[in-house]
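*Asks:* Below are the sequence and a predicted model for it; my questions follow.
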Amino acid sequence: MSRTAAFFRLVGAARVLARHDALVPAEFRDQIPWSARFGAGLLRLTTFGRAKGGSAGERFTRALGELGPSYVKLGQFLATRPDIVGKQLATDLTALQDRMPAFPLAEAKAAVAAELGRPADELFESFSEPVAAASIAQVHRARIRGEATEAAVKVLRPEIETRFRRDLEAFYLAARLAERHVPSSRRLRPVAFVDTLAASVREEMDLRLEASAAAELAERTKDDAGFRVPRIQWELTAKRVLTSEWVEAMPLRDPAALKAAGHDPARLATAVIQHFLTQALRDGFFHADMHQGNLFVDAHGDLVAVDFGIMGRLDPVMRRFMADVLYGFLQRDYHAIAEAHFAVGIVAPDRSVDAFAQALRAVGERVFGRPASEISMAKLLQQLFEITDMFGMEMQPQLVWL
């Protein structure tokens, strides 16, 4: 796609955001340069209809949903970066998880036939309407013909590759414009941010890679009590179709429902953190999309993870770095944490180790030993963001998924 076409797609997206009052939200208008407010106002004049009520994050979420799968994926990605967008906006963006409209059952069956070489009705005794629809694919419940087992069949959205390719060009243009004209954005490395998103999307577009990731995670965690991965049905998996074991389990969306079923949400919360850190720090290979819609608990109380399109990897150096940082905070050894940052080059080398340790102490001592209910995550994240600016720290693409 040409730069001109990317520009017009970007303008079209900006108009939708402006109509939802999500381009320059009213809540933050006094913090935005007048030129940006003026441009947003002009765009608003070219749109029809008014934004519905709600917070800035809710309006932004609705706008991304209207813009389609590529922008929903961007919103899901931003939901993992409260350090960039703030905790409240990140929380609002989680509404985009598994909230996309489904495409027709007939199209899903046609994709199965095209990918697996036989009609869906020959391969499966039953094939349900979609039970979950996300930005890139949707899932159907099916029964494999000739077997007693049920399966989850994931099918890519029609024409999704073309749509993402076009929208990513617009994202790259926006990132390049930001780096060129907004000096304060360069430390966040917008182009590298889009690179990470693009690489993730490319992998998600090939469901054979997701199946492989699931199989690798299953192999690495096979001896980890309390955690399991659904078995892949390789003979019914192709580039645009993934078939795996159906899991009878409850999603971790509703703590009250979990309690009613006899599960302890506090125990499950501890288990989620322990399994995540085990995967990241022991193996350097972890599920990087562990939101409450992708985590289930079965009748035995075991965690079951699904959707392996976004996986993270850490090399041994970064695994040691993260372990040192976590251990340092637990020991309140802020100088050791600072030295770990300098050792891997995350902090600009011309800054003072002692000054950085002092800044870290200002973060750690504020929260150490206090219950989460007394900690303002918004203020904590703002303080961390100020520290990254003060010490010239750049975004690390390899740590984005962590």
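*Replies:* Yes, it's here. Numbering: from 1, shown residues only.

*Asks:* List the neighbouring strands of the longest strand along the chain plus their orientation.
*Replies:* For the chain, the longest strand by residue count, based on DSSP state E, is strand 124-133. Strand pairing for strand 124-133, determined by DSSP bridges: strand 137-144 (antiparallel).

*Asks:* I'd like the next helix or strand past the strand it pairs with.
*Replies:* Later in the chain than strand 137-144, the nearest helix or strand by DSSP states H and E is strand 150-156.

*Asks:* just the CA coordinates of that next one, formatted as CSV?
*Replies:* Listed next in CSV are the C-alpha coordinates belonging to strand 150-156 (Å, rounded to 0.1, in the frame of the first residue of the first chain):
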residue,chain,number,x,y,z
GLU,A,150,-15.2,-33.0,21.7
ALA,A,151,-13.0,-30.4,20.2
ALA,A,152,-12.5,-26.6,20.0
VAL,A,153,-12.1,-25.5,16.3
LYS,A,154,-10.5,-22.1,15.8
VAL,A,155,-11.0,-20.5,12.4
LEU,A,156,-9.3,-17.3,11.0
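
*Asks:* Compute the inter-axis angle for the helix or strand just after that strand and strand 137-144.
*Replies:* Per DSSP H and E, the first helix or strand lying C-terminal to strand 150-156 is helix 160-181. Interaxial angle, helix 160-181 versus strand 137-144 (axes from the mean of the first three to the mean of the last three C-alpha atoms, to 10 degrees): 150 degrees.

*Asks:* distance from the centroid: which residue in this protein tops it?
*Replies:* Distance from the centre of the chain peaks at residue 146, with 37.3 Å (C-alpha atoms, centre = their mean).

*Asks:* Okay, the nearest residue to residue 158 once chain neighbours are set aside and residue 87: tell me how far apart.
*Replies:* The spatial neighbour of residue 158 that comes closest, neighbours along the chain excluded (C-beta to C-beta, 6 or more residues apart in numbering), is residue 107 at 5.7 Å. Just so you know, the C-beta spots here come from the backbone N, C-alpha and C atoms, and that holds for glycine as well. Between residue 107 and residue 87 the distance, using C-beta to C-beta, to the nearest Å, works out to 38 Å.

*Asks:* more crowded one of the two?
*Replies:* The residue with more neighbours, out of residue 107 and residue 87, is residue 87; 17 against 14, by other C-beta atoms under 10 Å.

*Asks:* Please report how far that one lies from residue 202.
*Replies:* From residue 87 across to residue 202, the span is 29 Å (C-beta to C-beta).

*Asks:* tell me, how many neighbours does residue 23 end up with?
*Replies:* For residue 23, the count of nearby residues is 23 (other C-beta under 10 Å).
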